[in-house]
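1. sequence-free structure coming up:
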DNA sequence: AAAAAAC
C-alpha cells in the first residue's frame, strides 16, 4: 500500500492482485459494478485515474486485506457483505497514505460501520495512547457509535473511552484508550486538560458532519477540538446523510483534499418511507389525534418529535396520566436518566418515545416503524433588511426533516412518517418540505380511524 | 420563539 510515482495510491494487496490478474483496463466490467457506479458517485481528491475503476470497489470484506480479528468483528455485527457506500468508500478509507473523506449517503446505509472500521484498522494496539477520536452531536449518538466500536473490535485488544458529560473515566490520570468517542464540549475539555494525549491521534471522525460544522455553537466547538489535533498525518473523515450548501464549502476546508463519495440524489431522500400528513384543527386537536393513534404507534415502536422540550414533557405527562405508556427524552434531563430512557427504548421496554431533535440524527433502532412530526422541524431565520434585527422560526428545516424520518425504514425496512399540520402556516411549511424532498406526502383523514388504520397497516406491509 | 453541546 504505497503512493506511486503519480501520487496515486495503490490499493490494498488483495484487490490490487485480483485486478491486475484480470488486466483491469481491459476486463469487462461486471453488471453489479455498473449498477454500483451508477448509484454511487466518487470524486477522487487528486483527480487522477478513473474513479469508477474496479480498483476502487470491493464486493467482499475479505478483499480489504484486514486483520482476521477485524473480519470476525464485522461478521459478529451481522454484516455479510459491504453495502453500496461501503463497496466504494472502504478501499479509499483504508488506502495508504491516508486520505480525508467527505461521505454522504442516506440514513441506514452503513456509514458508521465504514468509519468505525477505519478507526479500528488504523490503531496500533501495542501503543497505549489515543489514536482515533470520533465526535457526534448528542450523547445518545456517541453511545451508539461506541457500541459499534466495541462490537466490531470485540476480537481485538482495543481499549475505548467516552468523552461525554458526567461519564466517569475508567482510570484516573491520562486516558490510554486507543479510541475515544464523544461530544465536542467534553472532548475539548479532556484535551485541554491533557487527559487525552493528542500527539498520537491519526484519525478524526465527525459523524453528522454537516451538523457538527454548522454555526451556532457546535461548529465552534468542533473547530476547537480540531485545532488541538496534530496537523500532519491526520485523516479527517466527515460523514452525513445531508450536506446543505452552506456547510459544503466549510466542510471542504475542514477536510482538505478529501475524496468525496455520495449516493445519487434520488437515493438520498428516503425511498422506503411512506409519508403522510393529517389535518388537525388546532394545537389541542393534535394531542387528541396522537392519543387516538396510540394503538397504531405501539404496533412496532414509534418516535414522536416535538419542537420544544416542554412540549415533549407536557404531552408525555398527559398521556401517562391518561393511562398510556410513553417515555420522554430531551437534553434537559439528567444524563444518567437519558441513558436509561434510550436503553429501555432500544430494548423494546418502551414502545413510544416522545422527544426533541436530540435524537433526530443517527439513532438506529430497527423496530421503529413510525415517526410522527407532532411539530414540523423549523429553523431560525434572521430577518433580512434593516440591519438584520431579530428573526423567526418559520422556515422548515429540510435536513432535520430528512434525518427525523430516517429514524424509521432502517436498512431497507418499511416505515411510515406522519406530519401533523394544524393551520395555513404549517400546511405551507409541509408543502415546502414536500417540494424540497421531491416525495409525495399523502393526506390521511383524521376523523376516520378505520381508514387511518388501514392505510398505515398497508404502508407497513 | 429551539435543540444540541463545557467548565
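-> That came through fine. Computed from a predicted structure; not experimentally measured.
2. would you mark the buried spots in stretch A:406-413?
-> A:406, A:407, A:408, A:409, A:410, A:413 (16 or more other CB atoms under 10 Å). Every residue, glycine included, has its C-beta placed from N, CA and C.
3. pretty sure the second one sits against residue A:303.
-> Yes: when contacts are counted by CB atoms under 8 Å, residue A:407 is listed as touching residue A:303 (5.4 Å).
4. that older thread, tabulate the buried residues of stretch A:406-413 (a markdown table), appending pLDDT and secondary structure.
-> Shown next, in a markdown table, are those (pLDDT from 0 to 100; DSSP: H, G, I helix; E, B strand; the rest coil):
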| residue | pLDDT | secondary structure |
| --- | --- | --- |
| A:406 | 89 | coil |
| A:407 | 92 | coil |
| A:408 | 90 | coil |
| A:409 | 82 | coil |
| A:410 | 78 | helix |
| A:413 | 80 | coil |
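5. tell me the residues on the stretch 101-250 of chain A that lie near DNA strand B, please.
-> A:137-140, A:163-166, A:182-189, A:216-218, A:221 (CB under 7 Å from any atom of the strand).
6. how far off centre is stretch A:442-455?
-> Distance of stretch A:442-455 from the chain centroid (CA atoms, centre = their mean, to the nearest Å) equals 31 Å.
7. for stretch A:322-340, same thing?
-> Using CA atoms, centre = their mean, the offset of stretch A:322-340 from its chain centre is 22 Å.
8. just stretch A:391-404 next, same as before
-> With CA atoms, centre = their mean, you get 17 Å for stretch A:391-404.
9. likewise for stretch A:297-305?
-> 20 Å.
10. what sits up against it?
-> The contact list for stretch A:297-305 (CB atoms under 8 Å, 6 or more residues apart in numbering) reads A:290, A:312, A:315, A:326, A:345, A:348, A:350-357, A:359-360, A:365, A:367-375, A:377, A:404, A:407-408, A:457, A:460.
11. in helices only, show me these.
-> Judged by DSSP state H, the subset of these located in helices is A:290, A:312, A:315, A:345, A:404, A:457, A:460.
12. counting neighbours, which of these comes out on top?
-> Neighbour counts for the ones in helices among the contacts of stretch A:297-305, by other CB atoms under 10 Å, peak at residue A:312, which reaches 27 neighbours.
13. ok, that residue - contacts?
-> A:304, A:306, A:328, A:329, A:330, A:354, A:355, A:356.
14. I'd like the buried residues of stretch A:406-413 as a markdown table, with distance to DNA strand B appended.
-> Formatted as a markdown table, the buried residues of stretch A:406-413 follow (distance: CB to the nearest atom of the strand, whole Å):
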| residue | distance to DNA strand B |
| --- | --- |
| A:406 | 16 |
| A:407 | 15 |
| A:408 | 20 |
| A:409 | 23 |
| A:410 | 21 |
| A:413 | 26 |
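15. quick one: which of those is nearest to residue A:451?
-> residue A:408 (21.0 Å; CB to CB).
16. my guess is that closest one meets residue A:273, correct?
-> Yes: counting by CB under 8 Å, residue A:273 is a contact partner of residue A:408 at 6.0 Å.
17. quick check: neighbours shared by the two?
-> A:415, A:416, A:417.
18. run the chain-centre distance for the helix or strand that contains the last one.
-> Per DSSP states H and E, residue A:417 falls inside strand A:415-421. Its chain's C-alpha centre and that of strand A:415-421 lie 20 Å apart, by CA atoms, centre = their mean.
19. what mean pLDDT does it have?
-> In this model, strand A:415-421 has a mean pLDDT of 95.
20. give me the next element, helix or strand, following it.
-> Following strand A:415-421 toward the C-terminus (DSSP H and E): helix A:424-437.
21. relative to strand A:415-421, how tilted is that next one?
-> Relative orientation of helix A:424-437 and strand A:415-421, computed by axes from the mean of the first three to the mean of the last three CA atoms, to 10 degrees: 140 degrees.
22. any residue of helix A:424-437 touching DNA strand B?
-> No: looking at helix A:424-437 against DNA strand B by CB under 7 Å from any atom of the strand, there are no contacts, and the closest approach is 8.8 Å.
23. now swap in stretch A:358-375 and tell me
-> Yes: shown here: stretch A:358-375 in contact with DNA strand B (CB under 7 Å from any atom of the strand) through residue A:358.
24. what about that stretch, start to end distance?
-> End-to-end distance for stretch A:358-375: 14 Å, by CA to CA, to the nearest Å.
25. just give me how far that stretch sits from the chain centre.
-> On CA atoms, centre = their mean, the centre of stretch A:358-375 falls 12 Å from the chain's centre.
26. can you check stretch A:239-250 too?
-> For stretch A:239-250, the distance to the chain centre is 13 Å (CA atoms, centre = their mean).
27. still on that earlier bit, from the contacts of residue A:312, which two are the most distant?
-> Using CB to CB, the contacts of residue A:312 reach their maximum pairwise distance at A:304 and A:330, which is 11.8 Å.
28. count of residues packed around residue A:199?
-> 9.
29. next, the contact list for the nearest residue to it once chain neighbours are set aside, please.
-> Using CB to CB, 6 or more residues apart in numbering and skipping residues adjacent in sequence, the residue nearest residue A:199 is residue A:230, 6.5 Å away. Residues in contact with residue A:230 (CB under 8 Å, 6+ apart) are A:198, A:199, A:201, A:202.
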